[in-house]
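[1] When you get a sec, could you give me coordinates for this:
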Amino acid sequence: MQPPFQPPPADTPISEATPSAAETPNLPDTPASASADPETPFSDAALADASDADASGVLAPADAVVETPNADDDGTNPLGAMKHMTLAPPAPPSKKSKKKNSNSVWTRPASRKGKKKAKQPASSLAGGSGGGGGRLPRPSSGEDELVLTPAPRFAAERNDDAPDLPVLLSRVFKSDKVEVSDDRLTAGSTKGYRMVRATRGVASGAWYFEVKVLHLGSSGHTRLGWATNNADLHAPVGYDVFGFGYRDMDGTKVHKAWRAKYADQGYGEGDVLGFYIHLPDGELYEPKQPFLVHYKGLPFRAEAPKAAEQKTPDPVPGSEICYFKNGVCQGTAFVDIPGGRYYPAASMYTLPDQPNCEVRFNFGPNFEFFPEDFGGRSVPQPMSDVPYRPYELANEGPVENGTAEKTI
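    Below is the predicted model:
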């Protein structure tokens with residue numbers, strides 16, 4: 001005769017086959033118990049990092065409470081503590097699940113065969129009349145199609161410059177955090193290294209302009225130089241491949257966010273910096289300007305698919321950038337720079353509780369420190385001589401619901 005069943009003592013560990021509540025890990029979204037340390041939000045077990053709170057790796061603490069048989073048991077009942085437990089009857093099946101065409105996710109067919117929308121013809125995506133459903137048409141350009149991308153700033157350039165205006169700082173091509181004076185020659189900022197550039201740029205020839213440092217204060221710094229129209233306006237000059245900067249703190253040069261040794265010393269308040277660029281035959285290396293397409297009252301760039309992918313243009317052989325400090329050349333800073341249209345640019349920085357870090361541009365022709373000797377380099381023209389670039393209608397004619405334009 002077998003002995004009667006004896007319940008295990010309290011210190012006997014429960015079998016792994018029947019985990020207790022103490023062995024069940026807290027999920028990452030489950031708050032800890034009231035007795036838990038507030039710095040361990042996911043379980044009572046300490047974790048090295050919140051990202052370590054994986055359900056498979058959370059262990060119950062050693063002092064976790066273990067459930068024991070009911071105290072009223074005398075040990076003779078083989079079911080022990082489960083003698084007072086009853087099983088709840090299974091829930092009746094939902095009537096909704098038996099209906100046809102029900103919205104229940106459990107009764108929907110897994111296959112969506114036959115519900116796919118037919119592909120639209122290519123003509124509806126290439127400037128045809130079938131461009132419904134809110135899709136933007138692509139203007140036809142013969143064999144190739146053009147990709148449309150929003151270009152509000154590019155189109156606004158037409159209102160930022162005019163034939164009767166001189167070269168000024170742009171009110172459009174600047175960060176919103178940069179303040180421009182009423183005469184559009186002084187720029188200041190307290191919101192970090194943000195950029196502003198001039199209204200006109202150059203793609204070939206030798207050119208020159210000046211910048212005078214008006215105010216730096218105890219925490220102000222500047223990065224000045226040249227940037228193309230692809231440079232990030234919410235970053236300092238020289239942050240990317242499309243900008244070349246000159247730094248005040250130690251006179252270093254900056255390109256692609258890398259600072260390199262350049263001048264023997266930096267510059268400060270009251271100094272006048274000169275900026276020289278030479279792009280021999282640079283017009284051969286300037287990337288083609290995109291068309292402007294007006295569609296439903298909004299401007300878009302119209303470019304070939306490959307041209308829409310931003311990449312570094314080919315370098316201009318013999319090109320050069322050098323900087324001057326109070327009329328003295330600091331040496332060659334960059335050579336063989338990528339082709340493009342380069343604009344005078346500035347970025348300023350100071351702490352928010354300080355007055356604006358300010359610089360003032362002088363595009364010529366009357367410079368304060370025009371160099372007497374360029375060291376055998378081509379004598380530059382002042383940026384004030386850069387002509388206005390008008391817009392003209394494209395030869396292809398208007399696209400549907402809009403007009404295509406291009407720059408010259």
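[2] Okay, now the unreliable bits of the chain?
    1-145, 151-159, 290-292, 297, 299, 301, 303-310, 391-408 (pLDDT under 70).
[3] Run through the helices of it in chain order.
    122-125, 152-160, 305-308 (DSSP state H).
[4] for this structure, longest strand please?
    If you go by DSSP state E, the chain has its longest strand at strand 205-215.
[5] for that one, packing partners?
    Judged by 3 or more CB pairs under 8 Å, 6 or more residues apart in numbering; DSSP states H and E, the packing partners of strand 205-215 are strand 272-279, strand 342-349, strand 357-362, strand 381-382. Bear in mind the C-beta positions are built from the backbone N, C-alpha and C, glycine included.
[6] Which of these sits closest to residue 312?
    strand 342-349 (14.1 Å; CB to CB).
[7] For residue 246, give the beta-bridge partners.
    With DSSP bridges applied, residue 246 shows beta-bridge pairing to residue 224, residue 253.
[8] Kindly report the same for residue 320.
    So, taking DSSP bridges as the rule, residue 320 has residue 278, residue 335 as bridge partners.
[9] Spit out the contact partners of it.
    Neighbouring residues of residue 320 by CB atoms under 8 Å, 6 or more residues apart in numbering: 276, 277, 278, 332, 334, 335, 337, 377.
[10] Going through those residues, which ones are buried?
    Neighbour counting by 16 or more other CB atoms under 10 Å classes 276, 277, 278, 334, 337 among the contacts of residue 320 as buried.
[11] any chance of the helices and strands packed on strand 205-215 in CSV, plus distance to residue 191?
    Below are the helices and strands packed on strand 205-215 laid out as CSV (distance: least, CB to CB, whole Å):
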stretch, distance to residue 191
strand 272-279, 22
strand 342-349, 8
strand 357-362, 10
strand 381-382, 31
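[12] so of these, which one's packed in deepest?
    Looking across the helices and strands packed on strand 205-215 with neighbours counted as mean count of other CB atoms under 10 Å, the highest average goes to strand 342-349: a mean of 29.
[13] So which elements touch that strand?
    Using 3+ CB pairs under 8 Å, 6+ apart: strand 342-349 touches strand 186-189, strand 194-198, strand 205-215, strand 221-228, strand 272-279, strand 357-362.
[14] so which of these comes closest to residue 146?
    Residue 146 lies closest to strand 221-228 among the helices and strands packed on strand 342-349, at 21.9 Å (CB to CB).
[15] Just the angle for the closest one relative to strand 357-362, thanks.
    40 degrees (axes from the mean of the first three to the mean of the last three CA atoms, to 10 degrees).
[16] So residue 377 versus residue 150, what's the distance?
    Applying CB to CB, to the nearest Å, the value for residue 377 to residue 150 is 41 Å.
[17] Can you list the strands that the longest strand of the chain pairs with?
    strand 272-279 (antiparallel), strand 357-362 (antiparallel), strand 381-382 (parallel).
[18] And these: which comes nearest residue 313?
    strand 272-279 (11.5 Å).
[19] now the closest one and strand 342-349, what's the angle there?
    Using the same axes, to 10 degrees: strand 272-279 against strand 342-349 is 140 degrees.
[20] For strand 272-279, list the C-alpha coordinates in PDB.
    What follows is strand 272-279, C-alpha atoms only, in PDB (Å, rounded to 0.1, in the frame of the first residue of the first chain):
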ATOM      1  CA  VAL A 272      38.300  92.700 -42.200                       C
ATOM      2  CA  LEU A 273      38.400  89.400 -44.000                       C
ATOM      3  CA  GLY A 274      38.800  89.000 -47.700                       C
ATOM      4  CA  PHE A 275      37.500  86.000 -49.700                       C
ATOM      5  CA  TYR A 276      39.000  85.100 -53.100                       C
ATOM      6  CA  ILE A 277      37.800  82.400 -55.500                       C
ATOM      7  CA  HIS A 278      39.000  81.400 -58.900                       C
ATOM      8  CA  LEU A 279      37.100  79.000 -61.100                       C
END
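[21] what about the strands paired with strand 205-215, which gets the closest to residue 348?
    Short answer: strand 357-362, nearest of those by CB to CB, at 4.1 Å.
[22] got the angle for the closest one vs strand 194-198?
    Using the same axes, to 10 degrees: strand 357-362 against strand 194-198 is 10 degrees.
[23] any idea how far residue 191 is from residue 289?
    Going from residue 191 to residue 289 by CB to CB gives 31 Å.
[24] actually residue 378, not the one I wrote
    Taken as CB to CB, the span from residue 378 to residue 289 is 25 Å.
[25] hang on, residue 264 packs against residue 252?
    No: using CB atoms under 8 Å as the test, residue 264 is too far from residue 252 to be in contact (11.0 Å).
[26] neighbour count winner among those two?
    residue 252 (19 against 10; other CB atoms under 10 Å).
[27] list the contacts for that one?
    Under the criterion of CB under 8 Å, 6+ apart, the contact list for residue 252 reads 259, 260, 261, 262, 263.
[28] Identify the residues contacting the second one.
    Shown here is residue 260, whose contacts under the criterion CB under 8 Å, 6+ apart are 252, 253, 254.
[29] Include distance to residue 198 when you put those residues into CSV, please.
    Below are the contacts of residue 260 laid out as CSV (distance: CB to CB, whole Å):
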residue, distance to residue 198
252, 23
253, 20
254, 19
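[30] so which of those residues comes closest to residue 236?
    Of all the contacts of residue 260, residue 254 has the smallest distance to residue 236: 7.3 Å, by CB to CB.
[31] Return the distance of the residue nearest to residue 368 when sequence neighbours are not counted relative to residue 327.
    In this structure, residue 368 finds its nearest non-sequential neighbour in residue 272, 5.2 Å apart by CB to CB, 6 or more residues apart in numbering. Relative to residue 327, residue 272 is positioned 8 Å away (CB to CB).
[32] shared neighbours, these two?
    What both residue 272 and residue 327 touch, as defined by CB under 8 Å, 6+ apart, is the set residue 369.
[33] Could you check how many residues crowd around residue 388?
    13.
[34] What residues does it make contact with?
    161, 162, 163, 165, 200.
[35] repeat that for 7 Å
    If you count contacts by CB atoms under 7 Å, 6 or more residues apart in numbering, residue 388 has them with 161, 163.
[36] my read: residue 201 touches residue 343, true?
    Yes: contact criterion CB atoms under 7 Å: residue 201 and residue 343 qualify, at 3.8 Å.
[37] Ok, which of the helices and strands packed on strand 205-215 comes nearest residue 223?
    strand 342-349 (4.8 Å).
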